[in-house]
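S.K.: Next come a sequence and a model predicted from it.
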Amino acid sequence: MELSAENTTDGFRSYDGLVEAGFARHHRINKYWDREHPVYAENGVHINGIESFWSHAKRRHAKFNGLRRSSFPTFLKETEFRFNSRNQDLYKTLLALARQDPAKAYAVIKELYPEDNAIGYEAGDLRGTWSITFKEDAGK
C-alpha cells in the first residue's frame, strides 16, 4: 500500500500507529462508540466489506498451511478475484477472459508453467497415460 493511501479502519488499537508509520491519512470508524447503536459506515465509507474480505482470505489461506512470503501477493490477488467473483461461475469467467486475448492467455500459462506440454490436443485425444506396476512380495 502506498504511504499516500487513505486508510479507513475500525477503531481497533492496532491501527493507531499507521500515521506514525508514515501513512498520510488514517480515518477511523469506531463502530462501538455507542454500544447500543453500532456504526459501520461514515460518509459512504464502509468497513464491513473489508472485514468480510479478510475473514474470507484467512479461511482460504489457512487451507495451505502457510504461504511463502514471495507467493503471498499472488495468492492474495487470486483470493481477491475469487471474492469479487464469488457469485459468478468461476470457470465461465476465466474462460471468457482467456477468449478475449488467447495469445496473452497462452503466454501467461507458458510463463507460469514452462514445463507444461499439454498443448496442441484436439477434443477426444488421449492426453497422457500412466501405469502402475506391482512387484511380488518376496516375503511370501
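M.R.: Perfect, thanks for sending it.
S.K.: So which elements touch the top helix by length along the chain?
M.R.: In the chain, taking DSSP state H as the definition, the longest helix is helix 48-62. For helix 48-62, the elements it packs on are helix 72-84, judged by 3 or more CB pairs under 8 Å, 6 or more residues apart in numbering; DSSP states H and E. Heads up, the C-betas are built off the backbone N, CA and C, glycines and all.
S.K.: now what about the helix it packs on, what contacts it?
M.R.: For helix 72-84, the surrounding residues in contact (CB atoms under 8 Å, 6 or more residues apart in numbering) are 53, 56, 57, 60, 61, 64, 67, 90.
S.K.: Now for the third one: which residues touch it?
M.R.: What it means is residue 57. Counting by CB under 8 Å, 6+ apart, residue 57 has contacts 76, 79, 83.
S.K.: and the first one, what pLDDT?
M.R.: We have a pLDDT of 90 for residue 76.
S.K.: Could you tell me how many residues sit around it?
M.R.: For residue 76, the number of neighbouring residues by other CB atoms under 10 Å comes to 14.
S.K.: same deal with the second one?
M.R.: Residue 79 is flanked by 18 other residues according to other CB under 10 Å.
S.K.: distance of it from residue 1?
M.R.: Using CB to CB, to the nearest Å, one gets 16 Å for the distance from residue 79 to residue 1.
S.K.: With distance to residue 107 added, can I get the contacts of residue 57 in JSON lines?
M.R.: Formatted as JSON lines, those follow (distance: CB to CB, whole Å):
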{"residue": "76", "distance to residue 107": "23"}
{"residue": "79", "distance to residue 107": "24"}
{"residue": "83", "distance to residue 107": "26"}
